[in-house]
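> this one's sequence-less:
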C-alpha cells in the first residue's frame with residue numbers, strides 16, 4: 001500500500017469534488033425547469049462549470065508529479081495502482097453527487113429564484129446564501145434520495161443510445177489525462193507527445209458531449225418550461241444521465257490501460273508525421 005500516500009489522497013479529494021460538482025450540474029437544469037427560469041439556471045450552471053474546471057486545472061500538476069516521484073523499480077505497476085485510486089475517486093464523487101441530487105434540486109431552485117431577485121448578482125447571491133438565516137433554512141432540505149423520487153420512472157423513459165453515449169464519453173473524459181500520462185511511461189522516448197495528446201482526447205470528448213448529449217437535455221428542459229414537455233421526463237432523463245456517468249467512471253477502470261497503450265501506439269505516427277514534415 002506504499003502507493004497510497006498523501007499526494008494521492010490530496011488529488012483524490014480534488015477529483016471527488018470535481019465529479020461531484022459535474023454530477024450535481026444536472027440538478028441545475030431540473031431546478032431551472034421547475035421554477036421556469038432556464039436562463040438564470042444556465043448562469044448558475046456556468047458558475048459550477050468554472051469551479052469544476054478550476055479544480056481540475058489545480059490537480060493536474062500534482063497528478064503529473066506522481067510519475068516524477070515514482071520509484072525506479074516496478075514503476076509501471078506503482079503508478080497504475082495510484083491512477084486507479086484516482087479513477088475510483090471519480091466514481092465515489094459521482095455517487096456522492098447522485099445521493100445529493102434531490103437536496104441540490106431543492107437548494108438550486110431557491111438559488112435560481114434569489115439570483116433573479118438580485119438582478120443576476122452572484123456576489124449578492126453568495127452573501128445572502130451564507131447568512132445564518134439561509135443556512136439554517138437550507139439545512140431543512142438536506143435528505144438522501146427516497147423511493148418516491150424515482151418510483152414513477154420506467155425503463156421506457158430511458159433512451160438507451162443516449163445512455164451509452166454519455167457513459168462512453170464519461171469514461172474517456174475520466175481517463176484522458178491519466179492514460180496520456182501513463183502512455184508517457186510506456187513510450188518514454190515519445191513522452192512529451194503522449195502527454196500533450198490528453199488535450200486532444202478530452203477535447204474530442206467535450207465536442208461529443210456538446211453535440212450529442214447537452215442539446216437533448218436542454219431542449220427537454222425548454223419544453224417543460226413552455227408546458228410542452230413533462231417534468232417527470234426531464235427528471236427521469238437527468239437521473240439516467242447521472243447513472244450513466246457513474247457507470248462511465250467504472251468503465252474507465254477497464255479502459256485505462258488499453259487507452260494508455262493506444263495513445264503510446266498513436267504517438268509513433270504523430271512523431272513519424274512530424275519528422276517527415278520537418279524533412
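Happy to help now that I have it. Here the structure is a predicted model, which is why all the values come from computation and not from measurement.
> What's the first helix or strand after the helix or strand bottoming out on mean pLDDT in the chain?
Lowest mean confidence among the helices and strands of the chain (mean pLDDT, DSSP states H and E): helix 132-139, at a mean of 74. Sequence order places helix 160-186 as the next helix or strand after helix 132-139, per DSSP states H and E.
> The stretch 1-150 of the chain: helices as residue ranges?
6-35, 38-68, 75-117, 122-129, 132-139 (DSSP state H, counting those that start in this stretch).
> So residue 213 sits against residue 169, correct?
Yes - the criterion here is Cβ atoms under 8 Å, and residue 213 meets it with residue 169 at 6.9 Å. C-betas here are computed from N, CA, C, even on glycine.
> quick one, which of the two is more surrounded?
For residue 213 and residue 169, the more surrounded residue by other Cβ atoms under 10 Å is residue 169, and the numbers stand at 21 against 17.
> The helices of the stretch 1-150 of the chain into a markdown table, with extra columns for distance to residue 257?
Below are those laid out as a markdown table (distance: least, Cβ to Cβ, whole Å):
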| stretch | distance to residue 257 |
| --- | --- |
| helix 6-35 | 18 |
| helix 38-68 | 16 |
| helix 75-117 | 7 |
| helix 122-129 | 42 |
| helix 132-139 | 43 |
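> who wins for proximity to residue 275 among the ones you listed?
Closest approach to residue 275 among the helices of the stretch 1-150 of the chain is made by helix 38-68 (25.2 Å; Cβ to Cβ).
> what comes up buried for the closest one?
38, 40-45, 47-48, 52, 55-56, 59, 63, 66-67 (16 or more other Cβ atoms under 10 Å).
> Then stretch 132-149?
Quick answer for stretch 132-149 (16+ other Cβ under 10 Å): residue 134.
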